[in-house]
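Enquirer: model this:
(chains A, B, C and D)
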Protein chains: 2
Amino acid sequence: MAVDQRRSPTASERKRDPERTRARILEAAAAEFGAKGYAATRTTDIAARAGVNKQLISYYFGGKEGLYKELATSWHTTAAEMAHEAQPLDVVLASFVATTLTDQGRLWAWSNLAGDTPPTDEAFLRTQVDQLRARQAAGELPADLDPGLLLLALMAAASAPLTLRHTASQITGEDPATPEFAQKYAEQLSLLVRHLSGRT
Amino acid sequence: MAVDQRRSPTASERKRDPERTRARILEAAAAEFGAKGYAATRTTDIAARAGVNKQLISYYFGGKEGLYKELATSWHTTAAEMAHEAQPLDVVLASFVATTLTDQGRLWAWSNLAGDTPPTDEAFLRTQVDQLRARQAAGELPADLDPGLLLLALMAAASAPLTLRHTASQITGEDPATPEFAQKYAEQLSLLVRHLSGRT
DNA sequence: GATTAAGTCAACCCGTTGGTTGAAAACAAC
DNA sequence: GTTGTTTTCAACCAACGGGTTGACTTAATC
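Expert: Reported below is the predicted structural model:
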């Protein structure tokens, strides 16, 4: 660091940019919280990762907890755009699996276990359940399954590389936190769902 | 260590019983660790729950970490007896779901996320994969699925009430940590698996 | 050039936490 | 009663972690 450049102050290259540092802190926090969970992360580590002084996190977010809450709410927007349009089940599942690789995803998993924050957007869940029901009505999925519990099972299965990170690695011998694994796993899931519908 | 061969008063009525207090501490620790995860649990809380003085956990286990490790290894025996005999897939899944309700199960979920300890017994996993492969050969399951990834998906789905505790509650409006929920959910899962085999 | 905002630095405060110590009590066995 | 083990109690310690303070730099704005 300490790159000294005197240029015209185009906003993208500013030396002093509160928005940017805020974003950096948030990013670093997501990584740290996602890796170790709330209780085990140290604000010092967050600051270090963001390449920023530790007191800036108090300055911008009012402390560790404020930072966490800010992050917690942010994924609702992620969920919102994810459910924005009805898509084939393959795609939805692939999206689920994809979030597995993100810091946000890891954070979501932690908060789901800890139960500290409502982890998932309610509207998002309702939408998904409705879509599953529709697929049942269309004969794409067995009609005797409870759509809510089915959604739960599918979400859990999709986030296996995250929630069962260690076990996944034990079973496959690979690192489940790679794009390659995610893709392969997503394919298997859509294959599985296709078998559910009866279509071979 | 310190094997007590004296056989006089019924151990259940003893006022002083090192074995019993050890067990109590372990039990309390499983509950606390399972509820909040390692980093967030306080040794004081463990001692309080066990109804025991706090320095006894140092006395018997050499501190918080020793206690945790002792617990971590203990579930391998649980897994071992779970895989002891080949059973129908329904039953295996139901067993998975059942562990969801136990403190051991919660602890397993935490350690899986934190990645601190090899969470699952390797032999257990191998056995399960082999059994899935056998079921595929028997036509009970689609043959084009990778048995390892299938096991992963099934385990993840089965432990949804645990790993997606909060989300499960959001979807169903119920508390997923009840025997009733576990039973209902297990039924749905076996129904789902039955659909996989093609049998309606 | 002066002012203001953005950010750094080092030291410090203070509550918490895991762990320890050195008693003494309660109990069991002899 | 004596002895040895189990357990409690109260106080204490050192380390840590989150947060704060105040003085000091550096950049953008006017």
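Enquirer: show me what the one helix or strand in chain A whose mean pLDDT sits lowest is packed up against.
Expert: When the helices and strands of chain A are scored by mean pLDDT, DSSP states H and E, helix A:64-82 comes last with a mean of 86. Packing partners of helix A:64-82 (3 or more C-beta pairs under 8 Å, 6 or more residues apart in numbering or on different chains; DSSP states H and E): helix A:18-36, helix A:55-61, helix A:89-99, helix A:103-114, helix A:122-137. C-beta: built from backbone N, CA, C; applies to glycine.
Enquirer: so what's the residue count around residue A:42?
Expert: 12 (other C-beta atoms under 10 Å in any protein chain shown).
Enquirer: name the nearest residue to the residue most central in space within chain A, sequence neighbours excluded.
Expert: Residue closest to the average C-alpha location in chain A (C-alpha atoms, centre = their mean): residue A:105, at 2.2 Å. In this structure, residue A:105 finds its nearest non-sequential neighbour in residue A:99, 4.1 Å apart by C-beta to C-beta, 6 or more residues apart in numbering or on different chains.
Enquirer: need the contact list for that neighbour.
Expert: A:78, A:82, A:105, A:108, A:159 (C-beta atoms under 8 Å, 6 or more residues apart in numbering or on different chains).
Enquirer: so how far is residue A:139 from the third one?
Expert: If I follow you right, that is residue A:105. 32 Å (C-beta to C-beta, to the nearest Å).
Enquirer: give the contact list for the residue of chain A at minimum distance from DNA strand D.
Expert: For chain A, the residue closest to DNA strand D is residue A:63, as judged by C-beta to the nearest atom of the strand, at 2.6 Å. Contacts of residue A:63 were listed using C-beta under 8 Å, 6+ apart, and they are A:43, A:57.
Enquirer: and the one 4 residues further on, by the same measure?
Expert: For residue A:67, the residues meeting the contact criterion (C-beta under 8 Å, 6+ apart) are A:25-26, A:29, A:46, A:57, A:61.
Enquirer: that one and residue A:73, how far apart?
Expert: Counting by C-beta to C-beta, the gap between residue A:67 and residue A:73 amounts to 12 Å.
Enquirer: again, but for residue A:137
Expert: Distance, residue A:137 to residue A:73, by C-beta to C-beta: 34 Å.
Enquirer: cool, and residue A:48?
Expert: 25 Å.
Enquirer: quick one: which of the two has more around it?
Expert: residue A:48 (14 against 11).
Enquirer: check which helix or strand covers the more buried one.
Expert: Assigned by DSSP states H and E, residue A:48 belongs to helix A:43-50.
Enquirer: which secondary structure elements does that helix sit against?
Expert: Short answer (3+ C-beta pairs under 8 Å, 6+ apart): helix A:43-50 packs on helix A:18-36, helix A:55-61.
Enquirer: quick one: which helix or strand includes the nearest residue to residue A:172 once chain neighbours are set aside?
Expert: Closest residue to residue A:172 apart from its sequence neighbours, by C-beta to C-beta, 6+ apart: residue B:148 at 5.4 Å. Per DSSP H and E, residue B:148 falls inside helix B:147-158.
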